[in-house]
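[1] I would like to see how this sequence folds:
(chains A and B, ligands or ions: 2)
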Amino acid sequence: MSFLELDRVAKQFGPQTVVNDFSLTVGKGEFVSFLGPSGCGKTTTLQMIAGFLDPSRGAIRLEGRDLTAVQPAKRGLGVVFQSYALFPHMTAAENIAFGLEMRRVPRAECRERVRAALEMVGLAGYEERYPRRMSGGQQQRVALARALVIRPSVLLLDEPLSNLDAKLREDMQIELRQIQRNLGTTTILVTHDQNEAMSLSDRIVVMNQGRIEQIGTPQETYERPASAFVSQFLGKTNDFAATIDLTATPRRLTAGSWSAPAPAGVAGPVTVSIRPERIGFGDAGIAAKIVTRIFQGNHWLFQCESECGSVIVIRQNDGQPQPAEGEAVRLAWRPEDMSLRGAGGTA
Amino acid sequence: MSAAVDTAPANIAATADTRDGRAPWALTAPALMLFVGVLVIPLAMTVMLSFHDWGQYKGIEPIFILKNWREIATDPYYAEMFWRTFRIALLTTLITAMFGAPEAYILNRMSGRWKSFFLLVILGPLLISVVARTLGWALLFGGNNGLVNKFLMSLGLIGSPLPFMFTETGMVIALAHVMMPFMVLSVWTALQRLDPQIENAALSLGAGSFTIIRRIVLPQIMPGVLSGAIIVFSLSASAFATPAIIGGRRLKVAATLAYDEFLNTLDWPLGAAVAVLLLVALVLIVVGSNALIERRYAEVFR
Ligand SMILES: Nc1ncnc2c1ncn2[C@@H]1O[C@H](COP(=O)(O)OP(=O)(O)O)[C@@H](O)[C@H]1O
Ligand SMILES: [Mg+2]
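    Ligands and ions are numbered 1, 2, ... in the order given. This is a model prediction of the structure:
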């Protein structure tokens, strides 16, 4: 069921097309992330939904109604900005109450809802604080409360956590997810942080240069990346070229001296893509030599040189002895951990 | 014995301290001397001068006398003149704030090229002498020969020239024109500090454009408007060229009066008393309102 729908939306700034052919349907209560490198058009898309920018082409619909015909002030969407954009001359409570005042909510109800909103974000007792006197994390919570208190039909978050330090960011991610689950507010998050997108979202929209590369659940986009861009952008990956030998029966996938049974449906030159944590050291497989070994607490990171190029391997630190630098190893993986892309894209 | 041993290192530390303590003084000495030489000494001499006696034939007599101050305090002419000075300055300030703040806001919303063009148009006049700018008004409205007056009279719209020269209205209009760039600059600076997304934030919460300006933008640029107001007020109250050209010797303000006492009547002590009183009043007003503003906005903008 589609709640919010973007239909072939595009945005042009002069001659430059910043967002192109953007189509997406978001279900009620869903948490969707726009993920992509800086400058790929995430903010622009979000601002078109919010109404701060008009799309050059395409339509945006909310519950079937055309949203582009509605004034931004009348859309009833909640927006949290990267800079928070709190009103510095108002206290936390006044900031949160602003949207309710605009809706002419009776004073007593307004006071109660502001109190509840502050409590929800864990800032009870901070009513009279001015934003200047709050930490980044606290300002972020006020901004979230201000956007949520108006009970928006859609919550739009533009890199809301990118100004926080790593530890606080993780805490806020968990909290944000809990609040969103409890309220059931349809949410769109813009981020360039793949971990953030994966840990928060029901679905991820991976964007590159104004276009959608892939839409899928975090697991789908990670394990079945639709393009080289997606597999590179979502975590570390190993790509190498291989060919499918049609002369042999059964058909075989070969790269140098390595070969494996080929899956059906692909032919010719392909790109083989394997996540580093899916590769193990075994007795068979591609011959390689370990160049560097880095200890990272809960896992080891190996940089190996093989005949198919350099390969990254990640092994859990499970207490087993690990190969040393300079040691010759063989790299192996299960056939299903391999994802193949032909010249045309997905296999 | 032991005491001597104990104090030896302390002495070294003390000399080092005094040497360090002298360095800032030595470094600031040239600027300090300039400050004392061109500001403090003449000012002190002016204050002293205001207590001297003066007579048509005897000239300045360096004795201590309260004559000048008594004259200023008792003669209603001076009260009226000071009252006029501050009334003109206040009206000028209000007009520059009323036009300058929206001007800066509109300017800030313009896109790149237009913004720099209009900024130049607004600030350009600062490069032209105040005398030239004020004379422009005199050319347009100066009696029967003023360009605008002539034109309007030839159309038959007005029977006699518009009263502009030698009027307070004329002085306020000309001063507001001269002072406008200071207000625009001051508000402009405050606008630069606004979060570029703040209006969008208010918009998404359901505020209309008038509400956004009144509730979100205006309170945030208010410190800029007020500091601009202080600049414009003090410059207008002590302005000389514009009141001299528009008001001439018929409509005097504090600065033109002091000038006349010094150079025409040659009653330097009385001129000094007027100048000192203007200075003291201005300092009190500026420092007082600045303190009020600081207190009002300390919580929010610090
Ligand atoms: N108002 C504008 N005028 C011209 N170009 C713009 C404007 N806003 C954004 N852009 C361009 O659009 C592209 C996408 O911007 P943005 O949506 O902010 O990217 P993201 O949020 O993904 O980092 C960038 O190349 C940026 O330079
Ligand atoms: Mg952005």
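
[2] So which bits of the stretch 101-250 of chain A are right by chain B?
    A:M102, A:R103, A:Y130, A:R132, A:R146, A:A147, A:I150 (Cβ under 8 Å from any Cβ of the partner chain). For every residue, glycine as well, the C-beta is placed using N, CA and C.

[3] Selection in PyMOL covering whichever of those residues are buried, please.
    In PyMOL, this line selects whichever of these come out buried by 16 or more other Cβ atoms under 10 Å in any protein chain shown:
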select buried, chain A and resi 102+130+146+147+150
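
[4] got the residues of the stretch 101-250 of chain A next to chain B as TSV, with pLDDT, secondary structure and distance to A:K42 columns?
    What follows is those, written out as TSV (pLDDT from 0 to 100; DSSP: H, G, I helix; E, B strand; the rest coil; distance: Cβ to Cβ, whole Å):
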residue	pLDDT	secondary structure	distance to A:K42
A:M102	96	helix	27
A:R103	95	coil	29
A:Y130	93	coil	31
A:R132	91	helix	29
A:R146	97	helix	22
A:A147	97	helix	18
A:I150	96	coil	23
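
[5] now, which of the residues of the stretch 101-250 of chain A next to chain B sits nearest A:G342?
    A:A147 (44.3 Å; Cβ to Cβ).

[6] give the contact list for the nearest residue to that closest one once chain neighbours are set aside.
    In this structure, A:A147 finds its nearest non-sequential neighbour in A:G78, 3.3 Å apart by Cβ to Cβ, 6 or more residues apart in numbering or on different chains. Listed by Cβ atoms under 8 Å, 6 or more residues apart in numbering or on different chains, the contact set of A:G78 reads A:R146, A:A147, A:L148, A:I150, A:P152, A:V154, A:L155, A:L156, A:T185, B:S204.

[7] can you list contacts of stretch A:62-71?
    Here stretch A:62-71 has contacts from A:3-5, A:49, A:51, A:54-55, A:59-61, A:75, A:153-154, using Cβ under 8 Å, 6+ apart.

[8] for the strand or helix carrying B:W114, packing partners?
    Using DSSP states H and E, the element containing B:W114 is helix B:112-123. Counting contacts by 3 or more Cβ pairs under 8 Å, 6 or more residues apart in numbering or on different chains; DSSP states H and E, helix B:112-123 packs against helix B:76-109, helix B:168-192.

[9] pLDDT weak spots in the chain?
    Going with chain A. Counting by pLDDT under 70, the ranges of chain A that qualify are A:1, A:265-266, A:343-347.

[10] that's the other chain; I wanted chain B
    For chain B (pLDDT under 70), the answer is B:1-19, B:299-302.

[11] Up against chain A, what does it have?
    Contact residues (Cβ under 8 Å from any Cβ) of chain B with chain A: B:195, B:197-198, B:200-208, B:211, B:215-216, B:219-220, B:299-302.

[12] rerun at 6 Å
    B:195, B:197-198, B:200-201, B:203-207, B:216, B:219-220, B:299-300 (Cβ under 6 Å from any Cβ of the partner chain).

[13] Quick one: name the residues of chain A near ligand 1.
    A:F13, A:V18, A:G36, A:S38, A:G39, A:C40, A:G41, A:K42, A:T43, A:T44 (Cβ under 6 Å from any ligand atom).

[14] Touching the helix or strand containing the last one from outside, list them.
    To tie it back to what came earlier, the one meant is A:T44. Per DSSP H and E, A:T44 falls inside helix A:42-50. Outside of helix A:42-50, the residues within contact range by Cβ atoms under 6 Å, 6 or more residues apart in numbering or on different chains are A:11, A:18-19, A:34, A:36, A:53, A:55, A:77, A:79, A:156, A:158, A:190, B:204.

[15] one more time with 7 Å
    With contact meaning Cβ atoms under 7 Å, 6 or more residues apart in numbering or on different chains, helix A:42-50 is reached by A:9, A:11, A:18-19, A:22, A:34, A:36, A:53, A:55, A:60, A:72, A:77, A:79, A:156, A:158, A:188, A:190, A:207, B:204.

[16] The residue in the stretch 101-250 of chain A that ligand 1 sits nearest to pairs with what?
    Per Cβ to the nearest ligand atom, A:V190 is where the stretch 101-250 of chain A lies closest to ligand 1, at 6.3 Å. Counting by DSSP bridges, A:V190 forms beta bridges with A:F34, A:D158.

[17] who touches the most centrally placed residue in chain A in this structure?
    Nearest to the mean C-alpha position of chain A, by Cα atoms, centre = their mean, lies A:A197 at 2.8 Å. A:A197 sits next to A:S33, A:L35, A:T191, A:I204 when contact means Cβ under 7 Å, 6+ apart.

[18] same thing but 8 Å
    Contacts of A:A197 by Cβ under 8 Å, 6+ apart are A:S33, A:L35, A:L189, A:T191, A:I204, A:P218.

[19] gap between the fourth one and B:L120?
    As judged by Cβ to Cβ, to the nearest Å, A:T191 and B:L120 stand 41 Å apart.

[20] More neighbours: which of these two?
    Using other Cβ atoms under 10 Å in any protein chain shown, the more surrounded residue of A:T191 and B:L120 is A:T191, with 23 against 10.

[21] helix, strand or coil for the closest residue to the more buried one other than its chain neighbours?
    Spatial nearest neighbour of A:T191, excluding adjacent residues (Cβ to Cβ, 6+ apart): A:A197 at 5.3 Å. Assigned by DSSP: H, G, I helix; E, B strand; the rest coil, the conformation of A:A197 is helix.

[22] what separates A:A197 from chain B, distance-wise?
    Using Cβ to the nearest Cβ, to the nearest Å, we find A:A197 at a distance of 22 Å from chain B.

[23] now A:N182
    To chain B, A:N182 is 22 Å away according to Cβ to the nearest Cβ.

[24] wait, what's in contact with the closest residue to B:M171 other than its chain neighbours?
    Leaving aside its sequence neighbours, B:M171 sits nearest to B:I246 (Cβ to Cβ, 6+ apart; 4.7 Å). Applying Cβ under 8 Å, 6+ apart to B:I246 gives the contacts B:T134, B:W137, B:A138, B:F164, B:M165, B:F166, B:T167, B:G170, B:M171, B:A174.

[25] Filter those down to the buried ones, ChimeraX style.
    Command for ChimeraX that selects the buried part of the contacts of B:I246, burial taken from 16+ other Cβ under 10 Å:
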select /B:134,137,138,164,165,167,170,171,174
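
[26] I'd like the contacts of B:I246 written out as TSV, with distance to A:C110 added.
    As requested, these are exported to TSV (distance: Cβ to Cβ, whole Å):
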residue	distance to A:C110
B:T134	54
B:W137	53
B:A138	58
B:F164	53
B:M165	57
B:F166	57
B:T167	52
B:G170	51
B:M171	50
B:A174	50
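
[27] From the contacts of B:I246, pick the one nearest B:L277.
    The closest of the contacts of B:I246, once distances to B:L277 are taken by Cβ to Cβ, is B:M171, at 20.1 Å.

[28] Show me chain A divided up by domain.
    A:2-232, A:236-346 (automatic domain parsing).

[29] Distance-wise, check B:G288 relative to chain A.
    According to Cβ to the nearest Cβ, B:G288 and chain A sit 23 Å apart.

[30] just how off-centre is the strand or helix carrying that residue within its chain?
    Assigned by DSSP H and E, B:G288 falls within helix B:268-301. Its chain's C-alpha centre and that of helix B:268-301 lie 10 Å apart, by Cα atoms, centre = their mean, to the nearest Å.

[31] Nothing else from me, thank you.
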